[in-house]
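In: Have a look; sequence and predicted model below, questions after that.
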Amino acid sequence: MAKLSKARKAANEKIEAGKLYTLEEAMALVKQVNCAKFDASVDVHMHLGIDPRKADQALRGTVSLPHGTGKTKRVLVFCTPDKEDEATAAGADFVGLDDLIAKVQGGWTDFDVVVASPNVMAKIGRLGRVLGPRGLMPNPKTGTVTPNVGAAVADVKGGKIAFRVDKFGIIHNSIGRVSFEPNKLAENANELISTLVKMKPSTAKGTYVKSLTVASTMSPGIPIDTKSIK
């Protein structure tokens, strides 16, 4: 434990107190201050000046990261037999309906994204208690309820991520791994941030982007100057 504390202390000392970094500087620094001995996830935390209790300010959606997340997502597709080949050909990891519904009802959640065709949504509604709290319930707003299940699977496998604001108005999302080049991390982060900026609700008052921080799984947070965002 002392070893980790020493590494963390050294990491903290590399971050200048009171300084706001550009996106590019932060992505170079996050690689230097990473304390993990594995290829850690790099996450963006964006605090927005919105009230998620208001329907029009409860932001959620998807964005395709130009360089992917560095993690292969396991995709489960609920669909009728006529769509199974399409889903499998696109790279879905699990495809089916009644047998998979029973498995999930039993507590199985060994997957990262769930896609469903609209004609089976009535059947999988009962899985809300298992999938809902984990943010896995298919939703038309995130493109995971669609008749084009193959295209949805291909999007997820190609780096499309879903985001949603939490009850405090903060978006937390992984935008890559510490093994990525800094410029690729910056481009991925910029894609997410610019998407959220475009989605600013007309009813949001005051400062929209209150704060922006980047951190790897086990590193201290690096504050970013919001004015440096393209």
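Out: That came in fine, so what should we check first? Since the model is a prediction, treat every value here as computed from it, not as a measurement.
In: State the helix or strand in which Thr213 lies.
Out: Element membership for Thr213, per DSSP states H and E: strand 209-216.
In: give me the low-pLDDT residue ranges for the protein?
Out: For the chain, the stretches flagged by pLDDT under 70 are 1-5, 7-8, 230.
In: Tell me what the spatially most central residue of it is bridged to.
Out: With distances taken as C-alpha atoms, centre = their mean, Asn173 lies nearest the centre of the chain, 3.9 Å away. For Asn173, the beta-bridge assignment (DSSP bridges) gives partners Val44.
In: just so I have it, where are all the strands in this protein?
Out: 41-48, 60-64, 75-78, 94-96, 113-116, 160-164, 170-177, 209-216, 222-223 (DSSP state E).
In: Can you name the residues in contact with the third one?
Out: Taking C-beta atoms under 8 Å, 6 or more residues apart in numbering as the criterion, the residues outside strand 75-78 that touch it are 83-84, 87, 91-97, 100-101, 111-117, 120, 123-124, 138, 149, 153, 156-157. For every residue, glycine as well, the C-beta is placed using N, CA and C.
In: From the residues you listed, list the buried ones, please.
Out: In the contacts of strand 75-78, burial by neighbour count holds for 83-84, 87, 92-97, 100-101, 111-117, 120, 124, 138, 149, 153, 156-157, counting by 16 or more other C-beta atoms under 10 Å.
In: most neighbours per residue, which of the strands of the chain?
Out: strand 75-78 (a mean of 27; mean count of other C-beta atoms under 10 Å).
In: I'd like to know how many residues surround Trp108.
Out: When counting by other C-beta atoms under 10 Å, one arrives at 13 neighbours for Trp108.
In: so who does the residue nearest to the centre of the chain touch?
Out: Asp43, Val44, Ile161, Phe163, Leu192.
In: Correct me if wrong: the last one contacts Phe163.
Out: Looking back up the chat, that one is Leu192. Yes: contact status for Leu192 versus Phe163: in contact at 7.0 Å, counting by C-beta atoms under 8 Å.
In: picking that back up, the residue nearest to the centre of the chain and Arg164: what is the separation?
Out: To Arg164, Asn173 is 9 Å away according to C-beta to C-beta, to the nearest Å.
In: Which helix runs longest in the chain?
Out: Using DSSP state H to define each element, the chain has its longest helix at helix 182-198.
In: So what touches that helix?
Out: Contacts with helix 182-198, where a contact means C-beta under 8 Å, 6+ apart, come from 23-24, 26-28, 30-31, 42, 44, 46, 48, 59, 61, 63-67, 69, 161, 163, 171, 173, 175-176, 180, 208-209, 212, 214, 229-230.
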